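Colleague: this one's sequence-less:
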Ligand SMILES: O=C(O)CCC(=O)C(=O)O
């Protein structure tokens with residue numbers, strides 16, 4: 001599949017997200033889902049209380065219950081999850097190098113947010129603080145590629161986003177978006193990010209969004225890989241296993257150079 005990268009970057013800048021259809025073979029995604037769900041189900045069995053921080057071991061499920069029937073999990077680079085044809089996919093890396101105008105980007109998170117049947121709306125929110133009050137920065141120093149492991153749709157809790165809100169920089173609004181946007185009569189034009197597996201999408205964390213209820217009979221797992229500018233300071237370190245780091249290509253080691261290695 002050929003992509004018009006200039007157009008994708010323009011879409012991302014205009015809408016605060018963009019979609020690359022059919023980037024990853026579906027068979028690969030299906031193998032990843034099987035491994036991912038085995039780990040996520042362990043988190044789900046273990047984690048019965050809502051908490052703020054992921055707990056546990058990467059290889060037996062490092063995660064948490066975020067909200068009712070919605071689980072976050074950090075995932076390990078054990079195959080088939082840690083696949084260079086995903087995390088160093090030339091299209092994904094080129095996208096972020098060009099968006100950040102920087103060849104020295106690094107991978108700063110391997111995370112996921114996964115609504116199970118019974119999950120409810122999240123509040124409208126952003127995934128980052130306002131860095132420059134009253135100035136809508138043309139770009140943000142960190143952004144993510146999301147890799148859905150199932151087809152996503154209105155029934156299984158697809159992501160909902162309000163395009164174009166990434167440049168909002170009014171300090172008085174911060175932290176109040178849900179109250180503002182759910183007021184009766186507030187006019188909104190949100191979009192659901194529905195896609196076939198094998199498709200990936202890029203999300204500017206500033207764009208206002210929320211998770212939606214999963215009313216289907218299956219979970220909606222989705223990998224999140226964050227890419228950042230070289231100077232970006234992480235709130236919590238990305239942890240990966242040394243054996244994976246040592247087996248990576250030169251490009252892979254460069255992308256994961258700021259990760260904390262464990263044995
Ligand atoms: O993936 C989703 O459905 C929403 C996740 C999200 O917005 C978050 O947890 O910040």
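Modeller: Yep, that arrived. Here the structure is a predicted model, which is why all the values come from computation and not from measurement.
Colleague: Please name the residues that touch residue 127.
Modeller: 205, 206 (CB atoms under 8 Å, 6 or more residues apart in numbering). Yep, even glycine has a C-beta here, placed from its N, CA and C like the rest.
Colleague: er, residue 67 I mean
Modeller: 50, 119, 120, 122, 211.
Colleague: Up against the ligand, what does the chain have?
Modeller: Contact residues (CB under 6 Å from any ligand atom) of the chain with the ligand: 113, 115, 122, 127, 157, 159, 209, 211, 222.
Colleague: If you rank the residues you listed by neighbours, which is first?
Modeller: Counting by other CB atoms under 10 Å, residue 157 has the largest number of neighbours within those, with 30 neighbours.
Colleague: what's near enough to touch that residue?
Modeller: 115, 119, 211, 212, 213, 214, 215, 216, 220.
Colleague: can I get those residues in TSV with secondary structure and pLDDT?
Modeller: Compiled in TSV, the contacts of residue 157 are given as follows (DSSP: H, G, I helix; E, B strand; the rest coil; pLDDT from 0 to 100):
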residue	secondary structure	pLDDT
115	strand	98
119	coil	98
211	coil	98
212	coil	98
213	coil	98
214	strand	98
215	coil	98
216	coil	98
220	coil	98
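Colleague: from the residues you listed, which would you call buried?
Modeller: 115, 119, 211, 212, 213, 214, 216, 220 (16 or more other CB atoms under 10 Å).
Colleague: Show me which of those is closest to residue 133.
Modeller: Nearest to residue 133 among those is residue 211, at 26.8 Å by CB to CB.
Colleague: Look up how far residue 21 lies from that closest one.
Modeller: 22 Å (CB to CB, to the nearest Å).
Colleague: my guess is residue 200 meets residue 147, correct?
Modeller: Yes - contact between residue 200 and residue 147 holds when scored by CB atoms under 8 Å: they sit 5.1 Å apart.
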